[in-house]
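**Q** Quick check, what structure comes out for this input:
(chains A, B, C and D)
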There are 2 protein chains.
Amino acid sequence: MSTIGKALSLLDTLSRLDKEAGLTDIARLCALDKATARRFLVELEKHGFVEQDQDTRRYRIGSAPVRLARVREARFPLLRVAVPFIKSLAETSTETVHLSEFSGGKLSTIHVEDSPRAHRIIIDVGSLLPFHATASGLAFLAFSPRSEIDAALRKPLEKFTDHTIVDPQLVQNLLDETAARGFSISDQGLEAGVISTAAPIRTPNGHPIGCVAVAAPLSRTTKATIHEFGAQAVTAANAISEKYYGSERPMGTSPKSGGQIDEPYGSFAKDTRHRNR
Amino acid sequence: MSTIGKALSLLDTLSRLDKEAGLTDIARLCALDKATARRFLVELEKHGFVEQDQDTRRYRIGSAPVRLARVREARFPLLRVAVPFIKSLAETSTETVHLSEFSGGKLSTIHVEDSPRAHRIIIDVGSLLPFHATASGLAFLAFSPRSEIDAALRKPLEKFTDHTIVDPQLVQNLLDETAARGFSISDQGLEAGVISTAAPIRTPNGHPIGCVAVAAPLSRTTKATIHEFGAQAVTAANAISEKYYGSERPMGTSPKSGGQIDEPYGSFAKDTRHRNR
DNA sequence: CACTTATGGTTCACTATTTGAACCACAGCT
DNA sequence: AGCTGTGGTTCAAATAGTGAACCATAAGTG
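**A** Modelled structure (predicted):
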């Protein structure tokens, strides 16, 4: 792997820790030499990607990503576009709704709106969503090209609960169902007692970039409510896709396929949403 | 320079462009070989730091920084802490107020609240603030260690307007005044007809991390109003510093800007690091 | 229609950068 | 004192990075 790749992996690892970390820990977690880890950290620090606490000598994510994120969001405001829809969906569903984005080969949670109920599902911003065991992962894969599906299913599939489906063929069946239905369902795939449903946010040419997902305690859901949440997730995800790619692009792109998406079931040409804010 | 440094500089350069860029342009702007630029871009893309438009083949900032920024902000919410103060200051001053952060050797604008007036100063998020020619730069330097001041003043100082002060000794005088007063004043240093005043946000041990600045049209300001804005900037900056580094308690009260100018130097109690989760 | 001049992308011999075992300095413990 | 844990540094050995020259394609241009 290239030096750049290693340094960026270090950054990634550091960002997934839930506290600031010392040099030795970072080196161990990244499987790097201490000297190497330090050179990386120094270099990353020069550019503001990490910073070292003056007192504790520990390292944390720096402020450079904040600037980059703002630059990206200024031109490409996924969060800004998506959050109102996520909020609205959380209100109407009264369940926890979260938004994920595909980045660096992984699907990460980038926003969460908690359910207003006392008994609710808690999801952390930044958490990773395994493809085979979460509704978001299934929804993302179901609309991805074959090559990506195959690549994901070739890896060993971790069994998180008694209900996690780890047989690639059975996962493939779920993906087929998802593609046909427009939204995925994960019944306790990652966490016992939690059922989720998700729909993909996609580029104008149909490539998914993330998902909208609703997570609820299994105990208070029925097949009907889950399907209702799924349909709402599709509506929200489509609305986000449209807003995100629709009016936003001053640069001349996609001369063809001027807005039509080759979706699997003809649901969302313009305004077939069930509810909207 | 290390490979990592070069790659991160590329990322920085790409982020400062105001449109997506092609391979050749990127290579030229970064003074890199085309092959090298491409290898960097591919590597950065693998980790989500850039992405390539499928249609135009141009590159833009990817979504990985968005995730990193959220992780940082979750533990280190400068924007979340600062924005209410900036807003409040923009209201009471009726002038444009902006927030800058030091990162990677440079001072960048990370938030702007526009003046409500028709005649107002426009500042872009992401813009760089030269140390000798802006109120923010002066305020930042004035509270930095000698070594950093010397390093900044050793470089050639660009003359942006007829009023820009480029003599290192004269800049040093401004810094001394700023340190004594607690806030800086830049009279048309970067842009003719614009006067600004700024105060530093600082760590508990006094090291500046960014600035709060007020920018107004010269035509409607007097010495008295500028000093009033300066005092208000100090109040806001100190309040932000305190809240940012002070307790881990989430925001309770709304910002009050009615206080006096507290002692501007080294007034923060040492504090143990905050925890998370 | 051949020619030019852009573009993005690739190759591979050469060489500069990265690597890591061993090192130091310091701090807290026993 | 000695031990064991930090963070941080060194330098010969080896690996990873480099870039001139290359290809393929597309859009002009006479």
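
**Q** Output the contacting helices and strands for the one helix or strand A:Asp12 maps to.
**A** Counting by DSSP states H and E, the secondary-structure element that holds A:Asp12 is helix A:3-16. Packing partners of helix A:3-16 (3 or more C-beta pairs under 8 Å, 6 or more residues apart in numbering or on different chains; DSSP states H and E): helix A:23-29, helix A:34-46, strand A:59-61, helix B:3-16, helix B:34-46, helix B:64-75. Using the backbone N, CA and C atoms, a C-beta is placed for each residue, glycine as well.

**Q** what residues does that helix touch?
**A** Residues lying outside helix A:3-16 but in contact with it, judged by C-beta atoms under 8 Å, 6 or more residues apart in numbering or on different chains, are A:1, A:21, A:26, A:29-30, A:32, A:36-37, A:40-41, A:43-44, A:49-50, A:59-61, A:104, A:126, A:128, B:2-4, B:7, B:40, B:43-44, B:46-47, B:49, B:64, B:67-68, B:71-72.

**Q** Likewise for stretch A:162-178?
**A** A:132-133, A:138-139, A:141-142, A:149, A:153-154, A:157-159, A:184-185, A:187-190, A:192.

**Q** tell me the average confidence for stretch A:110-124?
**A** Computed over stretch A:110-124, the mean pLDDT rounds to 92.

**Q** gap between the residue in the stretch 51-200 of chain A that DNA strand D sits nearest to and DNA strand C?
**A** Nearest to DNA strand D in the stretch 51-200 of chain A, going by C-beta to the nearest atom of the strand, is A:Arg57, at a distance of 4.3 Å. As defined by C-beta to the nearest atom of the strand, to the nearest Å, A:Arg57 lies at a distance of 11 Å from DNA strand C.

**Q** for the worst-scoring helix or strand of chain A on mean pLDDT, packing partners?
**A** Least confident helix or strand of chain A, by mean pLDDT, DSSP states H and E, is helix A:64-75 with a mean of 85. Using 3+ C-beta pairs under 8 Å, 6+ apart as the contact test, the elements touching helix A:64-75 are helix B:3-16, strand B:59-61, helix B:64-75, strand B:96-103, strand B:106-113.

**Q** Not counting residues beside it along the chain, what's closest to the residue of chain A found nearest DNA strand D?
**A** Each residue of chain A has a distance to DNA strand D, by C-beta to the nearest atom of the strand, and the smallest belongs to A:Gly22, at 2.1 Å. Closest residue to A:Gly22 in three dimensions, ignoring its sequence neighbours and counting by C-beta to C-beta, 6 or more residues apart in numbering or on different chains: A:Arg58, at 5.2 Å.

**Q** Hmm, that neighbour is touching A:Gln52, no?
**A** Yes. Between A:Arg58 and A:Gln52 there is a contact under C-beta atoms under 8 Å: 7.1 Å.

**Q** Strands of the stretch 151-277 of chain A, residue ranges please.
**A** Listed in chain order, the strands of the stretch 151-277 of chain A (DSSP state E, counting those that start in this stretch) span residues A:184-187, A:194-202, A:208-217.

**Q** Give me the sheet partners of the longest one and which way each runs.
**A** Within its sheet, strand A:208-217 is paired with strand A:96-103 (antiparallel), strand A:194-202 (antiparallel), according to DSSP bridges.

**Q** same question, the first one
**A** Next to strand A:184-187 in the sheet, as set by DSSP bridges, lie strand A:194-202 (antiparallel).

**Q** Buried residues in the partner strand, which are they?
**A** Of the residues in strand A:194-202, those with enough neighbours to count as buried (16 or more other C-beta atoms under 10 Å in any protein chain shown) are A:Val194, A:Ile195, A:Ser196, A:Thr197, A:Ala198, A:Ala199, A:Pro200, A:Ile201, A:Arg202.

**Q** Show me what the longest helix along chain A packs onto, helices and strands only.
**A** Among the segments of chain A that qualify as a helix by DSSP state H, the longest is helix A:223-245. Taking 3+ C-beta pairs under 8 Å, 6+ apart as the contact definition, the neighbouring helices and strands of helix A:223-245 are helix A:78-93, strand A:184-187, strand A:194-202, strand A:208-217.

**Q** Please identify the most buried of the ones you listed.
**A** Among the helices and strands packed on helix A:223-245, the stretch with the highest mean neighbour count (mean count of other C-beta atoms under 10 Å in any protein chain shown) is strand A:194-202, at a mean of 30.

**Q** okay if I get the strands of the stretch 151-277 of chain A as a markdown table plus distance to DNA strand C and mean pLDDT?
**A** A markdown table is the format used below for the strands of the stretch 151-277 of chain A (distance: least, C-beta to the nearest atom of the strand, whole Å; pLDDT from 0 to 100):
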| stretch | distance to DNA strand C | mean pLDDT |
| --- | --- | --- |
| strand A:184-187 | 32 | 96 |
| strand A:194-202 | 22 | 96 |
| strand A:208-217 | 19 | 95 |
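
**Q** Reformat those strands as a markdown table; add distance to DNA strand D.
**A** Rendered in a markdown table, the data for these read as follows (distance: least, C-beta to the nearest atom of the strand, whole Å):
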| stretch | distance to DNA strand D |
| --- | --- |
| strand A:184-187 | 37 |
| strand A:194-202 | 26 |
| strand A:208-217 | 26 |
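
**Q** Out of the ones you listed, which gets nearest to B:Gly230?
**A** Set against B:Gly230 and scored by C-beta to C-beta, the strands of the stretch 151-277 of chain A come closest in strand A:208-217, at 44.4 Å.
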